[in-house]
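S.K.: structural data only, the sequence is not supplied:
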């Protein structure tokens, strides 16, 4: 009988009390090790992680790329690392797929992707952002974390691998926002960070039509209208964050040109 290959789960946290228990519950039967890098939680997140058997390390937040690379590097003695955010949870099908993958994957496979789906206000969003494949299960010696701008501060981080990628069945639940106010606030913050590091110039045309394009893509082309009122709210939040990004980018571009004149 082939000995099981070791799998570590790497998670970064800060004040994620609302979701961390469900996240850890979803991986406890999959992982040989759960490694959490916390950047200063004060809400009980760390206590829950330790209660559920996770190894917890404190590290100041240097940005998403450096923090997640650190977490993955600390798990490099394992054959596979599953990188998760604290607001992500595996369903039973995905957990079974991951267990099977680490036992049967050939040496040419350097990583596995799987689909992530938003859970918001008590319902699945079956159309907005779908499909949303995420490369999260990787061989740590063949993987690296990347992002936009210094330390990925300009947007979402992502992983690249040296080798082939296969896709796993199952769903990763993404429970990122407690309510509409938090969703809007997060989109505004993301838009502001993206504007700071986006090399493209903005202008009045982009301010007017980029948010509209983002809304049309998700609400009509992706059929977000089939997700009901929650789908509409999500698409409006996305467009709002995009508008903030374009307006801030245009303002910063104007200031830069004035400074140079």
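M.R.: Nice, I can see it. Note that the structure is a prediction, hence the values are computed from the model and not measured. Numbers count the residues shown, from 1 in each chain.

S.K.: the strands in the stretch 101-250 of the chain, which residues?
M.R.: Per DSSP state E, counting those that start in this stretch, the stretch 101-250 of the chain carries strands over the ranges 109-120, 123-124, 133-138, 143-146, 158-161, 164-174.

S.K.: CSV for those, including distance to residue 217?
M.R.: Any C-beta I mention is one placed from the backbone N, CA and C, and that applies to glycine too. Compiled in CSV, the strands of the stretch 101-250 of the chain are given as follows (distance: least, CB to CB, whole Å):
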stretch, distance to residue 217
strand 109-120, 15
strand 123-124, 19
strand 133-138, 17
strand 143-146, 24
strand 158-161, 20
strand 164-174, 19
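
S.K.: mind showing which ranges of the protein have poor pLDDT?
M.R.: 1-5, 149-155, 261 (pLDDT under 70).

S.K.: for it, which helix is longest?
M.R.: helix 228-260 (DSSP state H).

S.K.: pull the distance from it to the chain's centre.
M.R.: How far helix 228-260 lies from its chain's middle: 20 Å, per CA atoms, centre = their mean, to the nearest Å.

S.K.: swap in stretch 124-141?
M.R.: With CA atoms, centre = their mean, you get 8 Å for stretch 124-141.

S.K.: span of it from start to end?
M.R.: Using CA to CA, to the nearest Å, the end-to-end distance of stretch 124-141 comes out at 35 Å.

S.K.: buried sites along it?
M.R.: Under the neighbour-count criterion of 16 or more other CB atoms under 10 Å, stretch 124-141 has 125, 127-130, 132, 134-140 buried.

S.K.: tell me how many other residues surround the closest residue in space to residue 203 that isn't next to it in sequence.
M.R.: Nearest residue to residue 203, sequence neighbours excluded (CB to CB, 6 or more residues apart in numbering): residue 250, at 6.2 Å. As a burial measure, residue 250 scores 17 neighbours (other CB atoms under 10 Å).
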